[in-house]
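A.B. asks: Okay, structure incoming, though there's no sequence with it:
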């Protein structure tokens, strides 16, 4: 019996290791494909080609890398990419009353020095929770929180705790296994299917909604999107400062490009 238990334990550890390695490999490959890593790769190739006396190709790659660095660091490009992800809807509270549950996607955890706990939700997650609490109070619909951080902490459990602590809102279901949006949809389906729930309000950031909605619809859900944050930026807001490179714009570009890569991968 002890030998059988030991073998099963080894198999479980091996499976967890394989899943973890796949998760981090995906993260690494994604980082390579996005700025600034991809620009660094282009310049490395440029240096190699220069040493091999392919001067024209080397110069082209150098200039191409500079152009990419400029474009990827401008608020204008980040704004255009954000606009391309946002699908605005005209849903009202009356529409949301037709749903059966509210699903809040995990948005990450952070360490905390605040006295209420040594771990808490991120700003993105707090925005989602605030909107979900509003929708719950207006519709009376039950809430499902979903997500787990890569280090094993349950995002869903922290979300549920802070829903109660700060919004006086209960969480009916906690899904604590999903590490990706695709897994969020899969494991949410397993929970809500038993309850006969198919029509949901999905709460996440506007720039994340396109991919999240698609993945939940692939699981057979009827999704009423409840996007958080700003909508599409009107053209009249654009001025010359949108063409001045800024580090924050590159951060946004990385997140938004990652969203499009994820969308094309799962489509």
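C.D. replies: Okay, I see it. As the structure is a prediction and not an experimental result, all values here were calculated from the model.

A.B. asks: Tell me where the chain has helices.
C.D. replies: Secondary structure of the chain, counting by DSSP state H: helices at 2-33, 37-51, 55-72, 75-85, 93-96, 123-139, 155-167, 181-193, 206-218, 247-266.

A.B. asks: so can I have a markdown table of these showing mean neighbour count and mean pLDDT?
C.D. replies: Backbone N, C-alpha and C define where each C-beta goes, glycine included. Formatted as a markdown table, the helices of the chain follow (neighbours: other Cβ atoms under 10 Å; pLDDT from 0 to 100):
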| stretch | mean neighbour count | mean pLDDT |
| --- | --- | --- |
| helix 2-33 | 11 | 62 |
| helix 37-51 | 15 | 92 |
| helix 55-72 | 15 | 94 |
| helix 75-85 | 19 | 95 |
| helix 93-96 | 12 | 97 |
| helix 123-139 | 19 | 97 |
| helix 155-167 | 20 | 97 |
| helix 181-193 | 20 | 97 |
| helix 206-218 | 21 | 97 |
| helix 247-266 | 16 | 91 |
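
A.B. asks: between those helices, which gets nearest to residue 107?
C.D. replies: helix 123-139 (3.4 Å; Cβ to Cβ).

A.B. asks: next one: the closest one to chain centre, how far?
C.D. replies: 17 Å (Cα atoms, centre = their mean, to the nearest Å).

A.B. asks: now that helix against helix 155-167, angle please.
C.D. replies: 60 degrees (axes from the mean of the first three to the mean of the last three Cα atoms, to 10 degrees).

A.B. asks: Helix 123-139 to helix 206-218, inter-axis angle?
C.D. replies: Computed by the same axes, to 10 degrees, the angle between helix 123-139 and helix 206-218 is 60 degrees.

A.B. asks: From the contact counts, what lies against helix 123-139?
C.D. replies: helix 93-96, strand 101-105, helix 155-167, strand 199-205, strand 222-228 (3 or more Cβ pairs under 8 Å, 6 or more residues apart in numbering; DSSP states H and E).

A.B. asks: what's the distance between residue 159 and residue 175?
C.D. replies: As judged by Cβ to Cβ, to the nearest Å, residue 159 and residue 175 stand 10 Å apart.

A.B. asks: joint contacts of these two?
C.D. replies: Residues touching both residue 159 and residue 175 (Cβ atoms under 8 Å, 6 or more residues apart in numbering) are 145, 147.

A.B. asks: quick one, what contacts residue 187?
C.D. replies: Contacts of residue 187 (Cβ under 8 Å, 6+ apart): 146, 175, 177-178.

A.B. asks: let me redo that: residue 34
C.D. replies: Per Cβ under 8 Å, 6+ apart, neighbours of residue 34: 254, 257-258, 261.

A.B. asks: Show me the one of the helices of the chain that comes nearest residue 238.
C.D. replies: The stretch from the helices of the chain with the least distance to residue 238 (Cβ to Cβ) is helix 75-85; that distance is 6.7 Å.

A.B. asks: quick one: contacts of the closest one?
C.D. replies: Contact with helix 75-85 is made by 71, 206-207, 209-210, 232-233, 238, 241-244, 246, 248-250, 252-253, 256-257, 259-260, as judged by Cβ under 8 Å, 6+ apart.

A.B. asks: ok, and the closest non-adjacent residue to the spatially most central residue of the chain?
C.D. replies: Nearest residue to the geometric centre of the chain (Cα atoms, centre = their mean): residue 208, 5.8 Å. Nearest residue to residue 208, sequence neighbours excluded (Cβ to Cβ, 6 or more residues apart in numbering): residue 259, at 6.4 Å.

A.B. asks: separation between that neighbour and residue 207?
C.D. replies: Counting by Cβ to Cβ - residue 259 and residue 207 are separated by 6 Å.

A.B. asks: try residue 172
C.D. replies: Residue 172 is 27 Å from residue 207, by Cβ to Cβ.
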